[in-house]
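J.: Please find the sequence and the predicted model below.
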Amino acid sequence: MSRVESIDVPTRSLPAHTVSGADVGQEVPGEPLAARLAGRAWELLAGTRYTGYLLVAPTVLFLAVWFVWPVLTMVHLSLTAHVVEGVTVEGFTLENYVRLYASDLYFRILMRTIRIALMTSLFAAVFAYPLAIAIARGGPSLARLVTITILAPLLVNVVVRSYGWQAILNKTGALAWLLKLVGVSNPPVLLYTEWAVLIACVHVYLPFMVMPIAGAIGRIDRSVEEAARVAGATRLAVLTRVILPLSLPGLAVGVSLVFSLSAAAYVTPQILGGNFSPLLGTLIEQQILTLNDWPFGAAISTLLIAMVLASNLIFLKLVSRRFARWTAGAR
Amino acid sequence: MNETVSPLLKIVVGVILLMVVAPLVVPLLMSVSDTPYIVFPPQGFTLKWYAEVLANPEARGSFLFSLELAAIVTLVSLAFGVPCAAGLTRYRVPGQDAVLGLILSPLIVPLIVTGVALLQLFALLGSRATMLQLVIGHTVVCLPYVIRSVSASLLLVNRNLEDAAAVLGAPPHLVATKVIWPQVRPGILAGGIFCFIVSFDDYPISMWLADGNHFPVPLYLYTVIERSFDPSIAAIASLMIVFALLLVLVIEKVFGLSLARLAS
Amino acid sequence: MTQISRRSFGKLVLGAGALAAPMGFVRNGWAQGKEIQIGIWGGSQGEFVKKNIIPAFEKDFGCKVTAEEGFTLANVGKMRATKANPKFSVMFIDDVAIPICKSEGLIEQLPASDMPALASLYPRFGFDGWGTALAISVASMFHNTSITPPDSYAELWKPEFAGKLKLVSPKNTPSVFFLIVAASVKSGKPFAQAQYLIDDSFDKVAELKPNIMNLFDNGPQAANEVAQGQADIGLLELSKYIYPYTAKKAPVTMSFPKEGSFAGNNCQVLVKGGPNRDLAVAFMNRMLEPSVQKAFSEYAFTAPPVSGIEFSPETLKYIAYPVEEMDKRGLFTPDWEYINARRSGWTEKMNGIFAV
């Protein structure tokens, strides 16, 4: 039925009001073929009882085979082997996990990992809001400038960026040089401290915070802000009472991304933290690459995964009410 | 467009952007230093490091390979991710939360572990198809980004517009192409861009799966750093920054969509 | 496309490749069209293998050799992960890893009859047939040329070096050398005995902490920082990472305290069950041939493991060769089996000292 109809009535010759009547503001002339094909596919698929399954299944299968299975093999390894004096001993064991408890080293590094990941999320959020507002509410050229400046560095490998920070933060680096120019006689050296790790983490993961927040702010109906402004609200009040609460879903996405990514960071702690502030990721790398102790490396990974999962769940609980309202509204 | 951004905000944004750019500008300065090691401020001026990098067939080979890999990974990830996001947001799929958790989980497993686990699996299967392995490995890592941004834009699709269009007699495929597509296109583009970037920049997965014939840029960078720590590294970094800017401009031209509206 | 560009580049450097002309081998049809993958180290050594040794070998044998220039530490991991179906035929690893690979069944013994070049290999670099050394570096202190380095490691504990030392991170092999140094300083015993006293020496390690600026992972980068004057002294690193800078007139060089120095042995091993074993063996033999070894050593500032190679006095400044010179300089090779069994525990203690 619908197939015949759509062949008979080419897109171009449709009565204008049919579509424009629906107020499709963003309509772009010269629809790409792909879009039309996708639309047709959509039409054929939509409405079947199993459509949802069919759409989701390929991805689920793909991840089950190429991600879940191999990773579970590693977790399994942490329970079925441990290394004694450089020799792997097979058989079910809790030895690797006992070892995590036995020394307070791992607990303290776990705590540092959480601290750095939290602070990275916090600082990233603070820096992200002005940028996100500029993208969502600024003029086209400002928005463009901010987006490009935020996204382009992502293509430059994190190692290069870390060495860039090193050149800025070291004893004879750009920051010290600049501070001396302005007359600071004894500038602080941030390199090889936890601060350097934090600075680099915020820098690396900032885009992952900016983009979802900008998306959320862009979704806020401008008339809400204007209404608030007309009702006498200051810019600050609009920010704290309107933009902030309504952009929470974006913030939630950003925080969970940034927290998860920075918790697993291992390059920046090495290069900028001088290995004085290793995170769990650093220890995992050490076990797998240097000590060849994969079972223990897998156990530390399991600890890290559990921590990140738990943190994400707690965080989502904190914003769940708004989150639920958001998703419900959209359905 | 009415301007709703205060001058104060513009200043704050300017300062933050300067900080974002700083660690990229410093390599730029150091890349012209005429010394056998890296110094700041640079001493002398030379472009020989650029000449060295550009004349190096390994550098060119890695660069072209990374482009090819990232492009394929982006297409594959979109092919999986867009339908999946549609299924998750527009249909009732039992266990939806579990599925979402599964899709996002590659973000929380340390990549070095994912990489070695995959290599073991491939060896077990007897696979020697390095390219395929790399595409699979990168796609696993990229899918969360694609599905996240496409779902976000699908959730935002205004159902009232769809209903209105349908009521006014638009056939379903027109609703899809004229109403839904324009609204989700930015999300798909954003997902694709993130995917490309994540693949192009990946080290920990490639470290395990790559070989001498398939050697992405981040691995090449590591070998350069191990060979000698001279300003050619800064030159590579600077070239990558230029490439990133060019890429962004090309995306804008080809897709005819301002990146500025990507997020909104 | 990497492969095309590498090949055409290979032609360009054939002039240089000619110095690696075949010695004991007659051009053989058997290797025609065969292909092997090898895992090599990074650094200037990797560069030379890729640009000079491999193109000449490919031409002589009509074969294809693909080298993955990797991160040394990952090479063992890769062999282990692909044990079921090896992808690599030859691996370049450090001597520290040979006992591990042997016990895990990742490598096989070399067929001496098929490797004529083994005849001139110094026996100490033969590892009972489980691999051969390819290049011997000296591991010691490196320093900025503006300072006078101490002639004993013991002096590094003095407060005048507060915040001025860079220490190698536990991730890298020379970290073990440092532990032996600390044990030796504490006990006053030579390295050979001190290596068994490491367990009791961590208080000495902890005492050095105030003098440590950072723990470095990347030797060339640490050398760069010392050259810039960010730190005075780095301990310890292999000469192959430092001397390329010295030769380029960067203000950094090495010194050899009276306690002695360490031998860093870069080795090659034959992967068990790897593809095209015959070609792999031929390649390993080529790596040991005198013409290859001479050029390789001169390029990377390392000493060859084979006898009878003539070097210019300029090169001999940077390397300990022949074997009598290594003995004279007291180049020490630790008891890796003893150390590998304990390294995990030591790393944990190092982390406890420096990372908390």
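T.: Great, that's in hand. The structure displayed is predicted, hence computed values, not measured ones. Residues are numbered from 1 along each chain as shown, chains lettered A, B, ... in the order given.

J.: In which helix or strand does the nearest residue to residue A:101 once chain neighbours are set aside reside?
T.: Nearest residue to residue A:101, sequence neighbours excluded (CB to CB, 6 or more residues apart in numbering or on different chains): residue A:107, at 7.9 Å. (Each C-beta comes from the backbone N, C-alpha and C, glycine too.) Assigned by DSSP states H and E, residue A:107 belongs to helix A:104-137.

J.: So the residue in chain C that chain A sits nearest to, which state does it fall into?
T.: Chain A sits closest to residue C:214 of chain C, with a gap of 2.7 Å, by CB to the nearest CB. Under DSSP: H, G, I helix; E, B strand; the rest coil, residue C:214 falls in the strand class.

J.: which residues pair with it across the strands?
T.: Beta bridges link residue C:214 to residue C:166, judged by DSSP bridges.

J.: wait, isn't it in contact with residue A:272?
T.: No - if you go by CB atoms under 8 Å, residue C:214 and residue A:272 don't touch, sitting 9.3 Å apart.

J.: thinking again about what came up before, what's the residue of chain C closest to chain A in contact with, if anything?
T.: Listed by CB atoms under 8 Å, 6 or more residues apart in numbering or on different chains, the contact set of residue C:214 reads A:191, A:192, A:274, A:275, A:276, C:166, C:167.

J.: which residue is nearest the middle of the chain?
T.: In the absence of a named chain, chain A is used. Centroid-nearest residue in chain A, with CA atoms, centre = their mean: residue A:257, separated by 2.6 Å.

J.: The intended chain is chain B.
T.: A centroid search over chain B (CA atoms, centre = their mean) returns residue B:197, at 1.6 Å, as the residue closest to the centre.

J.: just checking, next helix/strand downstream of whichever helix or strand it is part of?
T.: Residue B:197 is part of helix B:181-201, with elements assigned from DSSP H and E. Scanning forward in sequence from helix B:181-201 by DSSP H and E, the next helix or strand is helix B:204-209.

J.: quick one: the strands in the chain?
T.: Going with chain A. Along chain A, the segments classed as strands by DSSP state E run A:81-84, A:87-90.

J.: meant chain C, my bad for not saying
T.: With strands called from DSSP E, chain C shows them at C:35-41, C:64-70, C:90-94, C:107-108, C:132-144, C:165-168, C:212-216, C:233-238, C:252-255, C:261-271, C:331-332.

J.: among these, where is the model least confident on average?
T.: When those are compared by mean pLDDT, strand C:64-70 comes last with a mean of 88.

J.: does that one come close to chain B?
T.: Yes - judged by CB under 8 Å from any CB of the partner chain, strand C:64-70 and chain B are in contact via C:66, C:67, C:68, C:69, C:70.

J.: Give me every residue in the stretch 151-300 of chain C lying close to chain A.
T.: Residues of the stretch 151-300 of chain C that fall close to chain A, judged by CB under 8 Å from any CB: C:169-172, C:213-217, C:221, C:225, C:228-230.

J.: just checking, residue B:186 touches residue B:150?
T.: No - counting by CB under 8 Å, residue B:150 is not a contact partner of residue B:186; they are 10.0 Å apart.

J.: what is in contact with residue C:214 and residue A:272 at once?
T.: With contacts taken as CB under 8 Å, 6+ apart, the residues that reach both residue C:214 and residue A:272 are A:191, A:192.

J.: As TSV, the residues of strand C:64-70 next to chain B with neighbour count would be great.
T.: Formatted as TSV, the residues of strand C:64-70 next to chain B follow (neighbours: other CB atoms under 10 Å in any protein chain shown):
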residue	neighbour count
C:66	22
C:67	23
C:68	25
C:69	26
C:70	28
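
J.: Dump those residues to JSON lines, plus distance to residue A:90.
T.: Formatted as JSON lines, the residues of strand C:64-70 next to chain B follow (distance: CB to CB, whole Å):
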{"residue": "C:66", "distance to residue A:90": "34"}
{"residue": "C:67", "distance to residue A:90": "34"}
{"residue": "C:68", "distance to residue A:90": "30"}
{"residue": "C:69", "distance to residue A:90": "34"}
{"residue": "C:70", "distance to residue A:90": "28"}
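
J.: List the contacts of residue B:109.
T.: A:67, A:71, A:264, A:301, A:305.

J.: tell me the contacts of the residue nearest to residue A:60 when sequence neighbours are not counted?
T.: Of all residues not flanking residue A:60 in the chain, residue B:99 sits nearest, at 6.1 Å (CB to CB, 6+ apart). By CB under 8 Å, 6+ apart, residue B:99 lies in contact with A:56, A:60, B:88, B:93.

J.: What is the burial count for residue 76?
T.: No chain specified, so I'll use chain A. 12 (other CB atoms under 10 Å in any protein chain shown).

J.: ah, I was thinking of chain C
T.: 24.

J.: residues contacting it?
T.: By CB under 8 Å, 6+ apart, residue C:76 lies in contact with A:292, C:91, C:93, C:97, C:100, C:101, C:106.

J.: Of all pairs in those residues, which one spans the longest distance?
T.: A:292 and C:91 (14.0 Å; CB to CB).

J.: So between the two, which is more surrounded?
T.: residue C:91 (29 against 22).

J.: who does the nearest residue to residue C:284 once chain neighbours are set aside bridge with?
T.: For residue C:284, ignoring the flanking residues on the chain, the nearest one in space by CB to CB, 6+ apart is residue C:268 at 5.5 Å. As for beta bridges, residue C:268 partners with residue C:92, residue C:132 under DSSP bridges.

J.: quick one on the thing from earlier: buried ones in the helix holding residue A:107?
T.: A:105-106, A:109-110, A:112-114, A:116-121, A:123-125, A:127-137 (16 or more other CB atoms under 10 Å in any protein chain shown).

J.: which non-adjacent residue is nearest residue B:175?
T.: residue B:165 (4.9 Å).

J.: typed the wrong thing, it's residue A:88
T.: Ranked by CB to CB, 6+ apart and with sequence neighbours excluded, the top spatial neighbour of residue A:88 is residue A:81, at 5.4 Å.

J.: thought that neighbour was touching residue A:92?
T.: No - assessed by CB under 8 Å, residue A:81 is found out of contact with residue A:92, at 9.2 Å.

J.: returning to that earlier point: now tabulate the contacts of residue B:109 in TSV and tack on distance to residue B:13, pLDDT and neighbour count.
T.: Below are the contacts of residue B:109 laid out as TSV (distance: CB to CB, whole Å; pLDDT from 0 to 100; neighbours: other CB atoms under 10 Å in any protein chain shown):
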residue	distance to residue B:13	pLDDT	neighbour count
A:67	38	96	25
A:71	40	93	24
A:264	29	87	25
A:301	38	93	28
A:305	36	92	21
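
J.: Tell me how many other residues crowd residue 100.
T.: Here I'm looking at chain A. Neighbourhood size, residue A:100 [other CB under 10 Å]: 18.

J.: Chain C is the one I meant
T.: When neighbours are defined as other CB under 10 Å, residue C:100 has 20 of them.

J.: quick one on the thing from earlier: closest to residue C:38 out of the contacts of residue B:99?
T.: Nearest to residue C:38 among the contacts of residue B:99 is residue A:60, at 38.8 Å by CB to CB.

J.: who in the stretch 201-331 of chain A is up against chain C?
T.: Within the stretch 201-331 of chain A, the positions adjacent to chain C are A:270-271, A:274-278, A:283, A:285-286, A:288-294, A:296 by CB under 8 Å from any CB.

J.: List the contacts of residue 242.
T.: As the question left the chain open, I've gone with chain A. Residue A:242 makes contact with A:220, A:224, A:225, A:228, A:233, according to CB under 8 Å, 6+ apart.

J.: To clarify, I was referring to chain C.
T.: C:142, C:219, C:223, C:252, C:253, C:254.

J.: Wait, the second one touches residue C:239, no?
T.: Okay, so that is residue C:219. No - using CB under 8 Å as the test, residue C:219 is too far from residue C:239 to be in contact (10.0 Å).

J.: More neighbours: which of those two?
T.: Neighbour tally, residue C:219 and residue C:239, criterion other CB under 10 Å: the higher count belongs to residue C:239, 26 against 22.

J.: Quick check: pLDDT value at whichever residue of the stretch 201-331 of chain A sits closest to chain B.
T.: At 2.4 Å from chain B, residue A:218 is the closest residue in the stretch 201-331 of chain A, using CB to the nearest CB. Listed pLDDT for residue A:218 reads 83.
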